[in-house]
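Novice: got a structure for you, letters missing:
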C-alpha cells in the first residue's frame, strides 16, 4: 500500500542518514568506495552535518572555547622573549616540550603558524636506573605497558616517561612521576597509598583505574574509570575527590574543575590502538597525530584551529591514510607535504 511504501522510504532514508553520520564520525570503518558512495548524496551529508553541528553546540555549553586570538598573541610574545634551545633525547626533551607548542617563526610567516614540531628522537623504549631512580621513556610513535614492583600495571602513551625511586617504592608510599600520558591499573594496598605526580596535579589512590594526560599542548586532565581518586593541585591548596566517569581538569588559572565524561572507554582508546576524538579542536587532533607520527603541524588560518570534529581511526594506519580520512570530515583542507601537516589554503 501507499502507507507501507512511505514507511519503507522513510526507513531507508533514516538508515542512510545513520550510515552517513557514522561515516563522518568514524571514516576508518568504511572503504574509500563506501565513503564515496555515501557522500555522493549531498543533501543527506548536509543533514548529517547539521546534526553534528547541533551536537557540537550542545557540547560547547559544557566545554569552554579556547581564545585563539589570545593564544596567537601569547605565542608571538613568547617567541620574541625566548630563544629556542636544541632538543636532546630523554627527560630533557620531555622538560623542553613546552617550547615546541605553538612555535612561531617570523621567517616563515607566509607559511602559517607551526603548532607542533618533528624532532630527531630514538625509536626504542629506554629504561635505566641512575642514582636509584628508575626511568622508563617511550618515544613518539610507540606505547609500552610495564608492571611496577607492587603489581600496578601502567600503559605509557607516545612521548611519555615514568620514574620512581627503586629502593623506597612501597615502603611508606608508592610514588611515581609521570610526563605525558599513562593509564594506571593500581594494585590495591590499603597501607601504602599510590601517588602519581605530574606537572600541576597529583593523584592519590589506594587501588583503582585512572588515566593521566599531561602534554604541553593542552590542559592537564585526570580521568577516573573505577574506584575513588583524590586530586591535588601543586600550585594551590585545593583538592577534590572524583568519582568514576569524572575528570579533573587544571584550568589556565591553576584551578581544579570537575568535568563529567559520558564514555570513559573513549578516553582510553589510545591504549587499545585507536585515535578517538570526540568534539575536540582540530589543533588538539593534529598535535596528537604529530606526536604519534613525529611530523610538523602548520596552520595557515588560525581560525581553523578552533573547529571541532568527531573522528576515529586506527594508530597502525599510515599518516597519508589518516589525512585522507580526515579530509572527509573536516571543513578545512588538510594536506601532507614531506614531514609537515598543513591546514588551510
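Specialist: Thanks, I have the structure now. None of the values given here were measured: they were computed from a predicted structure. Residues are numbered from 1 along each chain as shown.

Novice: going forward, measure contacts between C-alpha atoms and count neighbours the same way
Specialist: Will do.

Novice: For residue 24, I want the exact helix or strand it lies within.
Specialist: The secondary structure element spanning residue 24 is helix 2-25 (assigned by DSSP states H and E).

Novice: buried set for whichever helix or strand comes after that helix?
Specialist: Elements were assigned by DSSP H and E; along the chain past helix 2-25, the next helix or strand is helix 32-38. If you call a residue buried by 16 or more other C-alpha atoms under 10 Å, then helix 32-38 has these buried ones: 35, 38.

Novice: just for the stretch 1-150 of the chain, where's the confidence low?
Specialist: Along the stretch 1-150 of the chain, the parts satisfying pLDDT under 70 run over 1-14, 25-29, 32, 45-111.

Novice: OK, contacts around residue 247?
Specialist: Residues counted as contacts of residue 247 (C-alpha atoms under 8 Å, 6 or more residues apart in numbering) are 221, 222, 223, 224, 258, 259, 260, 261.

Novice: So it versus residue 39, what's the distance?
Specialist: In this structure, residue 247 lies at 36 Å from residue 39, with C-alpha to C-alpha, to the nearest Å as the measure.

Novice: all helices for the stretch 51-200 of the chain, in order.
Specialist: Ranges of helices in the stretch 51-200 of the chain, per DSSP state H, counting those that start in this stretch, are 68-81, 91-96.

Novice: how about residue 322, phi and psi?
Specialist: Residue 322 has phi and psi values of phi -60, psi -40 when expressed as degrees, to the nearest 10.

Novice: export the contacts of residue 247 to JSON lines and tack on secondary structure, pLDDT and neighbour count?
Specialist: JSON lines is the format used below for the contacts of residue 247 (DSSP: H, G, I helix; E, B strand; the rest coil; pLDDT from 0 to 100; neighbours: other C-alpha atoms under 10 Å):
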{"residue": "221", "secondary structure": "strand", "pLDDT": "91", "neighbour count": "22"}
{"residue": "222", "secondary structure": "strand", "pLDDT": "94", "neighbour count": "25"}
{"residue": "223", "secondary structure": "strand", "pLDDT": "94", "neighbour count": "27"}
{"residue": "224", "secondary structure": "strand", "pLDDT": "94", "neighbour count": "25"}
{"residue": "258", "secondary structure": "strand", "pLDDT": "91", "neighbour count": "17"}
{"residue": "259", "secondary structure": "strand", "pLDDT": "89", "neighbour count": "15"}
{"residue": "260", "secondary structure": "strand", "pLDDT": "88", "neighbour count": "15"}
{"residue": "261", "secondary structure": "coil", "pLDDT": "80", "neighbour count": "16"}
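
Novice: My guess is residue 283 contacts residue 306. True?
Specialist: Yes - checked against C-alpha atoms under 8 Å, the pair residue 283 and residue 306 is within contact range at 7.1 Å.

Novice: Mind checking which of the two has more residues around it?
Specialist: Residue environment comparison for residue 283 versus residue 306 gives the larger neighbour count to residue 283, 23 against 16, counting by other C-alpha atoms under 10 Å.

Novice: ok, the nearest residue to the more buried one once chain neighbours are set aside to residue 191 distance?
Specialist: Closest residue to residue 283 in three dimensions, ignoring its sequence neighbours and counting by C-alpha to C-alpha, 6 or more residues apart in numbering: residue 305, at 4.9 Å. Note on residue 305: its distance to residue 191, by C-alpha to C-alpha, is 47 Å.

Novice: can you tell me how far the residue sitting nearest the centre point of the chain sits from residue 280?
Specialist: Nearest to the mean C-alpha position of the chain, counting by C-alpha atoms, centre = their mean, stands residue 288 at 5.6 Å. According to C-alpha to C-alpha, residue 288 stands 11 Å off from residue 280.

Novice: what does residue 20 give?
Specialist: For residue 20, the distance to residue 280 (C-alpha to C-alpha) stands at 20 Å.

Novice: Neighbour count: these two, which is higher?
Specialist: A side-by-side neighbour count of residue 20 and residue 280, using other C-alpha under 10 Å, places residue 20 first with 24 against 17.

Novice: Looks like the more buried one contacts residue 39 (just checking).
Specialist: Yes - here residue 20 lies in contact with residue 39, judged by C-alpha under 8 Å, at a distance of 7.2 Å.

Novice: just the strands in the stretch 101-250 of the chain please.
Specialist: Listed in chain order, the strands of the stretch 101-250 of the chain (DSSP state E, counting those that start in this stretch) span residues 113-116, 126-130, 133-138, 144-147, 153-156, 160-165, 174-185, 194-197, 201-205, 209-214, 221-226, 229-233, 239-242, 246-250.

Novice: need those strands in CSV with distance to residue 343, can you?
Specialist: Putting those into CSV (distance: least, C-alpha to C-alpha, whole Å) gives the following:
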stretch, distance to residue 343
strand 113-116, 10
strand 126-130, 34
strand 133-138, 28
strand 144-147, 31
strand 153-156, 29
strand 160-165, 26
strand 174-185, 25
strand 194-197, 35
strand 201-205, 33
strand 209-214, 25
strand 221-226, 27
strand 229-233, 36
strand 239-242, 37
strand 246-250, 28
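
Novice: Nearest to residue 297 among the ones you listed would be which one?
Specialist: Ranking the strands of the stretch 101-250 of the chain by proximity to residue 297 (C-alpha to C-alpha) places strand 113-116 first, at 4.9 Å.

Novice: Off-centre distance for the closest one?
Specialist: Counting by C-alpha atoms, centre = their mean, to the nearest Å, strand 113-116 is centred 16 Å from the centre of its parent chain.
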